[in-house]
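what shape does this take:
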Amino acid sequence: MNPKTSTDFLPSRQEIATHIIAWAREILEAEGEAILSLKDRIGKDFERAVQILLEVQGHVLTSGVGKSGLVAKKIAATLTSTGTPASFVHPVDAIHGDLGIVSTRDAAILLSKSGETPELLGLLPAFRRRGVPIVTITCNPGSALARGSDCVLDLGRMREACPEDLVPTTTTTAALALGDALAIVLLRMKGFSREDFVFLHPGGVLGQTALLRVSDLMHRGSALPMVRSEATLHEALVEILNKRLGLTTVVDGDGILRGVLTDGDLKRILLKGSAELGQPVSRVMSTTPRTIEEDALIAQAVRRMEENEGGAITSLVIVDGRGEPQGVIHLHDCLGAGARIR
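Numbers count the residues shown, from 1 in each chain. So this is what the prediction gives:
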């Protein structure tokens, strides 16, 4: 019998692939559970933190070291973009001169898993002298940092996603989610609007498209596909092909919308072998067309198409108060709005 070589014990490609997929799923599951565990921790402390940040007349100063510092930067960016001015302050730079930016009008959010980070503890006396209220996000509510804070948001005892429970993963993910919760709750309490968002993001595509409405992009007039109820299936097909929107509206003698016929409807008819092109379109049209108002925002139109009961659709009909079709908007128009602005 030949002795086995070392290569005989190496895992196969299939085994390696199985491990990779399993490990990735374990990590996502661990981080998802970490975020969900925060739901039961949202209470009076979170409410207190929101009130502190809501009363800030200056800036919210965020700080942390290492991975917590990166999360603190993101929280500051999210707060700023949603109507709460914020800045990241590196604790080492702060104790070497940058504390001059701190005023009595500010508040601080400090992030530390252990709550014993020396660099952050060094900030406490300076913040206290200036009367800056401190919110701490930590996994250790009994820590020195927590004891020196006005409000503590306890993440709880979380195991990191790495096998040795060392690499900051679940804790940083949970802290980031908690920061998002603070920012969006503040946004709602301040009544931060879409117009405010555009004002803070004037150069970005999001900012430039956020105020676009259906009336800005819809196909109207001669570009609006339309046939009468008595039109034949052949005539409807020609209208769909000519107008290139993948559908035609169907109206009655008074011009009121009664249905739509889409290219998808035509394909299903052809597959069934029942395509009598001389029959009235009213026999095969959909009698429950999805509509939207012309002053609706583009984001609302996209959401209505994506969340359509029975499956996503690609077009909406714009009707007036009488029910007459005024235009059609296609999903491609909405998704291409940003590119056209650029």
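
secondary structure element for the residue nearest to residue 104 when sequence neighbours are not counted?
What sits nearest to residue 104 in space, not counting adjacent residues and going by C-beta to C-beta, 6 or more residues apart in numbering, is residue 131, at 4.9 Å. Any C-beta I mention is one placed from the backbone N, CA and C, and that applies to glycine too. Assigned by DSSP states H and E, residue 131 belongs to no helix or strand.

if I look at residue 131, how far off is residue 224?
As judged by C-beta to C-beta, to the nearest Å, residue 131 and residue 224 stand 63 Å apart.

likewise for residue 60?
Residue 60 is 50 Å from residue 224, by C-beta to C-beta.

same question for residue 299.
23 Å.

likewise residue 23?
In terms of C-beta to C-beta, residue 23 sits 54 Å off from residue 224.

name the residue in the two with the higher neighbour count.
Between residue 23 and residue 224, counting by other C-beta atoms under 10 Å, residue 224 is the more crowded of the two (18 against 12).

just to check, that one is in contact with residue 328?
Yes - the pair residue 224 and residue 328 qualifies as a contact (C-beta atoms under 8 Å) at a distance of 6.0 Å.

now do the shared contacts for the two.
residue 249 (C-beta atoms under 8 Å, 6 or more residues apart in numbering).

so where's the stretch 201-342 of the chain shaky on pLDDT?
201-211, 273-275, 337-342 (pLDDT under 70).

now with 50, please.
By pLDDT under 50, the weakly predicted segments of the stretch 201-342 of the chain are 201-207, 339-342.

ranges for the strands of it?
Assigned by DSSP state E, counting those that start in this stretch, the strands in the stretch 201-342 of the chain fall at 226-228, 247-251, 257-262, 291-292, 315-319, 325-330.

quick one: buried residues of the third one?
Across strand 257-262, burial judged by 16 or more other C-beta atoms under 10 Å covers 257, 258, 259, 260, 261, 262.

quick check: the fifth one touching residue 247?
Spelled out, it's residue 261. Yes - in this structure residue 261 lies within contact range of residue 247 using C-beta under 8 Å: 6.4 Å.

what touches both of these two?
Joint contacts of residue 261 and residue 247 (C-beta under 8 Å, 6+ apart) are residue 240.

quick one: stretch 81-91 to chain centroid distance?
20 Å (C-alpha atoms, centre = their mean, to the nearest Å).

hmm, I was thinking of stretch 216-233
34 Å.

which residues touch it?
235-236, 239-240, 242-243, 245, 247-253, 258-259, 261, 266, 269, 275-282, 284, 294, 298, 318, 325-330, 333-334, 337.

which of these are buried?
Using 16+ other C-beta under 10 Å, the buried ones in the contacts of stretch 216-233 are 235-236, 239-240, 243, 245, 247-251, 258-259, 261, 266, 269, 275, 280-282, 284, 294, 298, 318, 325-330, 333-334, 337.

who are the contact partners of residue 145?
Contacts of residue 145 by C-beta under 8 Å, 6+ apart are 110, 112, 115, 116, 117, 120, 121, 124, 136, 138.

apply 6 Å and report the result again.
Neighbour list for residue 145: 112, 115, 120, 136 [criterion: C-beta atoms under 6 Å, 6 or more residues apart in numbering].

what do you get for residue 75?
Contacts of residue 75 by C-beta under 6 Å, 6+ apart are 62, 179.

need the three-state assignment for residue 146.
helix (DSSP: H, G, I helix; E, B strand; the rest coil).

quick check: it vs residue 124, distance?
Taking C-beta to C-beta as the measure, residue 146 falls 11 Å from residue 124.

quick one on the thing from earlier: could I get the buried residues of strand 257-262 as CSV with distance to residue 92?
Formatted as CSV, those follow (distance: C-beta to C-beta, whole Å):
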residue, distance to residue 92
257, 66
258, 70
259, 68
260, 63
261, 67
262, 62
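
what's the distance between residue 326 and residue 247?
15 Å.

next, count neighbours for residue 81.
Neighbours of residue 81 (other C-beta under 10 Å): 16.

quick one, strands of the stretch 1-150 of the chain?
Going by DSSP E, counting those that start in this stretch, the stretch 1-150 of the chain shows strands at 60-64, 86-88, 107-111, 134-138.

can you give me the end-to-end span of stretch 247-264?
The first and last residues of stretch 247-264 sit 8 Å apart, counting by C-alpha to C-alpha, to the nearest Å.

re earlier: tell me the one among the contacts of residue 145 nearest to residue 83.
residue 136 (23.0 Å; C-beta to C-beta).

quick check: bridge partners of that closest one?
With DSSP bridges applied, residue 136 shows beta-bridge pairing to residue 110, residue 152.
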